[in-house]
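Next one to model:
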Amino acid sequence: MQTFLRYGVILSFFISLISLAILILKTFSFGKRAFYAEPQGKGRKGILYAFTRGMMPWEKESARKHLMTYIAGVFYHSGIFSAMLYIFSLVVPFNINIYFIYLLRILMGIGIVCGLGLLLKRIFLPFMSKISCLDDYAANILVDIALILAFAVTFNQNIRTLLFLVTIFLLLYLPLGKIRHCFFFFYTRILFGVFFGRRGVLPQRRLLRF
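As a prediction, the model looks like this:
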């Protein structure tokens, strides 16, 4: 049964990857915007900024004003990536050093706490609940369940079957819901960096002060 489900996880991964790639290709159907102004900077510098300094909270007003949420999001995603790495090690499979598993447990544990905290914030803060849709809750809950199961499997391998089933569902849901931002994030940051880098807006020039 577990062997069948392992292949199911692999198949779901490729279905999800192909679906996401198709969504990316569809964006090209809108055509390419023509630039008439002379470039004032370089796109590659904008891309470098977008994936480095531009990720820092002090560079983004929304993150700067909600620092705790930003930090919780960082740990939440660290836990998710740790869980995906651990699931990958079960599916392939390959052995992970016990001390590395300890590290993954810590990251997944913190990720679970942060993920549930962000879910409660969305439920109980009026301004958050008003702008939230069903997909916001479904995405958070589904990822939290996968995180909890991956964390639990590090202690009890007997529930691997349940983890694989949830992982299959998560991968198939990924292109359909907001979780696909984990894939589109890199694409949009590249477009962001190229556009503003070319205009010379990013990276911002540091003014000399005397």
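
And the residue nearest the centre of this protein?
Cys182 (3.4 Å; C-alpha atoms, centre = their mean).

Helices along the protein, start to end?
With DSSP state H applied, the chain shows helices at 2-27, 43-50, 61-65, 67-91, 98-124, 126-131, 134-153, 160-173, 181-198, listed in chain order.

who's in contact with the residue nearest to the centre of the chain?
Leu174 (C-beta atoms under 8 Å, 6 or more residues apart in numbering). C-beta: built from backbone N, CA, C; applies to glycine.

quick one: it and Tyr76, what's the gap?
Shown here: Cys182 relative to Tyr76, a distance of 12 Å by C-beta to C-beta, to the nearest Å.

Equivalent analysis for Ser132, please.
Ser132 is 16 Å from Tyr76, where distance means C-beta to C-beta.

higher neighbour count, the two?
In this comparison of Ser132 against Tyr76, neighbours counted by other C-beta atoms under 10 Å, the higher total goes to Tyr76 at 24 against 14.

I figured that one was touching Leu116, is that so?
No. Taking contact to mean C-beta atoms under 8 Å, the distance of 9.4 Å between Tyr76 and Leu116 leaves them out of contact.

Show me which helix or strand of this protein is least confident by mean pLDDT.
Lowest on mean pLDDT, DSSP states H and E among the helices and strands of the chain sits helix 61-65, with a mean of 80.

Mind listing residues that contact that helix?
Pro57, Trp58, Thr69, Tyr70.

now do stretch 35-44
By C-beta under 8 Å, 6+ apart, the surrounding residues in contact with stretch 35-44 are Gly193, Val194, Phe195, Gly197, Arg198, Arg199, Gly200, Val201, Leu202.

Could you count how many residues lie near the first one?
This points to Gly193. Around Gly193 sit 22 other residues, with neighbours defined as other C-beta under 10 Å.

residues contacting Ile148?
The neighbourhood of Ile148, defined by C-beta under 8 Å, 6+ apart, consists of Ile112.

Try it again at 10 Å.
Ile148 makes contacts with Ala83, Met108, Gly109, Gly111, Ile112, Gly115, Leu116, Leu163, Val166, as judged by C-beta atoms under 10 Å, 6 or more residues apart in numbering.

low pLDDT regions in this protein?
Under the criterion of pLDDT under 70, the regions of the chain flagged as low confidence span 205-210.

Which residues are in contact with each of Cys182 and Tyr76?
Overlap between the neighbourhoods of Cys182 and Tyr76 consists of Val143, taking contacts as C-beta under 10 Å, 6+ apart.

picking that back up, output the contacts of Ile148 as CSV; include the columns distance to Phe14.
Below are the contacts of Ile148 laid out as CSV (distance: C-beta to C-beta, whole Å):
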residue, distance to Phe14
Ala83, 19
Met108, 25
Gly109, 30
Gly111, 25
Ile112, 28
Gly115, 26
Leu116, 31
Leu163, 19
Val166, 18
